[in-house]
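Peer 1: quick one: sequence plus predicted model below, questions after.
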Amino acid sequence: MRALPLLLLGLAVASAPALAQMKLQSKAAPANGPETRYFTAIDGLMDGNADVVLKETRQGKTVTAAVLDVCYPADKGSDRKDRFVANLAVSGQTLSGTTQSVADKQPVSIKLNRKQTGDSFEFRGQITIGQTVTEVASTDNSDLSEKEFQDNQATEDGITPQPKDFTDVSPESIGVRVKLDAAADFLKSLKGEAVEVGTSSLAVTCDALRAGEQTINLIVDPEHASALLAKVKSAPGVTAAGWTSGVVEMDRTIRIAAADWRDGDKINKDRLATAIAGVLAKTLAAKPASATWNANTGKLKLVLKRPSAIYPVLGLTQNYEITALVSPDKPGSSDKLMLWVSSPTVSTSDDSSGAKLNLSDDSSSDEEASETKDDNGAIDALTKEFKGQRWDADKSVWR
């Protein structure tokens, strides 16, 4: 009487691995479920200047829905961008739809024929924006999975709201991420401020159009950077603000004691400029000619001169222009300062009295190159004179 229950028990134990396998398979994505694929290029569209994203939803190999997102120059040769996003109707291998461009409100119509051969896709048809008709004939396109697409979309503007120090970000360089509909008012609010706006960051890129935000780059005197950040963070539409990369290169930066160069809580910039110029005069065998601090950026421009050896009888002058920047070594109060000094920019001029020889410096001359790294050990000399420290990139420490 007990044989049958034992037999059933044995069958249940024997089938346990199979049942577990069935459960695992049931948790996996259905083989015939919907799938999202992306195309991030359609060759030749808008003379090759369009930034394209075509999103397809497929059931097996059949397209059930599609969205075309195209960002393009609003005017030929212009940096200003416009964009349209169209939901496309699918009829067999034909994708079609109408919409309106975001910025200029131009009517848009799309009709594309899609053909798949193996893993390759071909698109042919027309896209009309306003009165402009673009013929589409794009072959040999490949698609991306959702994960591949999202990985490629990851962008980083480098904004660091609270850096521990200025070894990875630059003390004069501020990045502000602001919503597109608030960007114009934000920029207008900077008029009259002691700050410079990076003109390249004014262009609204395709990434910015899709994100609805753009990053504005500002250059400010490091002494005023914290106050500027506090102000811009409270501005309407600002979603992030902080320090970012700038001019400071750590291999041309030294760290020095702040107490030696401060009067009260202010850096004595005149005394600092005189000391830097004195060291550079020795390393470059040149005479200091001028020292000017930029009120907006806090940068020091030094000019040193010496006789040019390129054609001695002409009595020409070799000019060295060097930029320097001083700041605390970290945000907030610190007993250390960072001093960055650029490589020299070299030019030749005729500074003699009377009629002068007009000269044109060109980069084809190795001897008179526009920028040179050969400054006769200026950074080492500054480190010694200022009793400073150099940055050890391998160990990420000051030494």
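Peer 2: Yep, it's here.

Peer 1: so what's the residue count around residue 36?
Peer 2: For residue 36, the number of neighbouring residues by other C-beta atoms under 10 Å comes to 14. The way it works is simple: take the backbone N, C-alpha and C, and place the C-beta from them, glycine included.

Peer 1: quick one: list the elements packing against the helix or strand it falls within.
Peer 2: According to DSSP states H and E, residue 36 maps onto strand 34-39. Here strand 34-39 is seen to pack against strand 51-59, strand 144-145, helix 146-153 when contacts are counted using 3 or more C-beta pairs under 8 Å, 6 or more residues apart in numbering; DSSP states H and E.

Peer 1: in terms of pLDDT, where does the residue nearest to residue 242 when sequence neighbours are not counted sit?
Peer 2: Counting by C-beta to C-beta, 6 or more residues apart in numbering, residue 242 lies nearest to residue 161, which is 3.8 Å off, once chain neighbours are set aside. In this prediction, residue 161 carries a pLDDT score of 96.

Peer 1: repeat that for residue 188.
Peer 2: At residue 188, the model reports a pLDDT of 98.

Peer 1: ok, now how distant is it from residue 219?
Peer 2: In this view, residue 188 and residue 219 are 18 Å apart by C-beta to C-beta, to the nearest Å.

Peer 1: for residue 210, same thing?
Peer 2: Spatial separation of residue 210 from residue 219 under the definition C-beta to C-beta is 27 Å.

Peer 1: more neighbours, those two?
Peer 2: Taking residue 210 and residue 219 together and counting by other C-beta under 10 Å, residue 219 has the greater number of neighbours (20 against 16).

Peer 1: now for the more buried one: which residues touch it?
Peer 2: With C-beta atoms under 8 Å, 6 or more residues apart in numbering as the criterion, the residues that contact residue 219 are 172, 173, 174, 195, 196, 198, 246, 296, 297.

Peer 1: quick one: which of the residues you listed has the most company?
Peer 2: Ranking these using other C-beta under 10 Å puts residue 172 first, with 27 neighbours.

Peer 1: tell me the confidence at that one?
Peer 2: In this model, residue 172 is scored at 98, pLDDT.

Peer 1: shift numbering so it begins at 368
Peer 2: I'll keep to 368 as the first residue from here, and by that count the last item is residue 539.

Peer 1: is it in contact with residue 591, as I believe?
Peer 2: No. The pair residue 539 and residue 591 does not pass the contact test of C-beta atoms under 8 Å, sitting 9.7 Å apart.

Peer 1: what do the two both touch?
Peer 2: residue 665.

Peer 1: now tell me which helix or strand of this protein has the poorest mean pLDDT.
Peer 2: Of all the helices and strands that make up the chain, the one with the lowest confidence by mean pLDDT, DSSP states H and E is helix 370-394; it has a mean of 39.

Peer 1: and residue 406, what does it touch?
Peer 2: 419, 420, 421, 423, 488, 508, 509, 510, 511.

Peer 1: partner residues bridging it?
Peer 2: For residue 406, the beta-bridge assignment (DSSP bridges) gives partners residue 421.

Peer 1: tell me the pLDDT of it.
Peer 2: Looking at residue 406, its pLDDT is 96.

Peer 1: same question, the one 10 residues further on
Peer 2: According to the predicted model, the pLDDT of residue 416 comes to 87.

Peer 1: surely it touches residue 440?
Peer 2: Yes. The criterion here is C-beta under 8 Å, and residue 416 meets it with residue 440 at 5.5 Å.

Peer 1: can you give me the end-to-end span of stretch 657-676?
Peer 2: 22 Å (C-alpha to C-alpha, to the nearest Å).

Peer 1: same check, this time on stretch 432-448
Peer 2: The first and last residues of stretch 432-448 sit 27 Å apart, counting by C-alpha to C-alpha.

Peer 1: next: stretch 752-765.
Peer 2: One end of stretch 752-765 sits 17 Å from the other (C-alpha to C-alpha).

Peer 1: just how off-centre is it within its chain?
Peer 2: A distance of 27 Å separates the C-alpha centroid of stretch 752-765 from that of its chain, computed with C-alpha atoms, centre = their mean, to the nearest Å.

Peer 1: what strands line up against the helix or strand where residue 693 lies, and which way round?
Peer 2: Using DSSP H and E, residue 693 sits within strand 684-695. Taking DSSP bridges as the criterion, strand 684-695 pairs within the sheet with strand 667-674 (antiparallel), strand 703-708 (antiparallel), strand 712-716 (antiparallel).

Peer 1: tell me the average confidence for that strand?
Peer 2: 97.

Peer 1: same check, this time on stretch 595-605
Peer 2: Rounded mean pLDDT across stretch 595-605 is 97.

Peer 1: same question, stretch 421-438
Peer 2: Confidence for stretch 421-438, expressed as mean pLDDT, is 96.

Peer 1: and for that stretch, what are the contacting residues?
Peer 2: Judged by C-beta under 8 Å, 6+ apart, the contacts made with stretch 421-438 from elsewhere in the structure are 399, 401-406, 409, 412-413, 417-420, 448-455, 457, 462, 464, 477, 481, 483, 494, 510, 573, 576-577.
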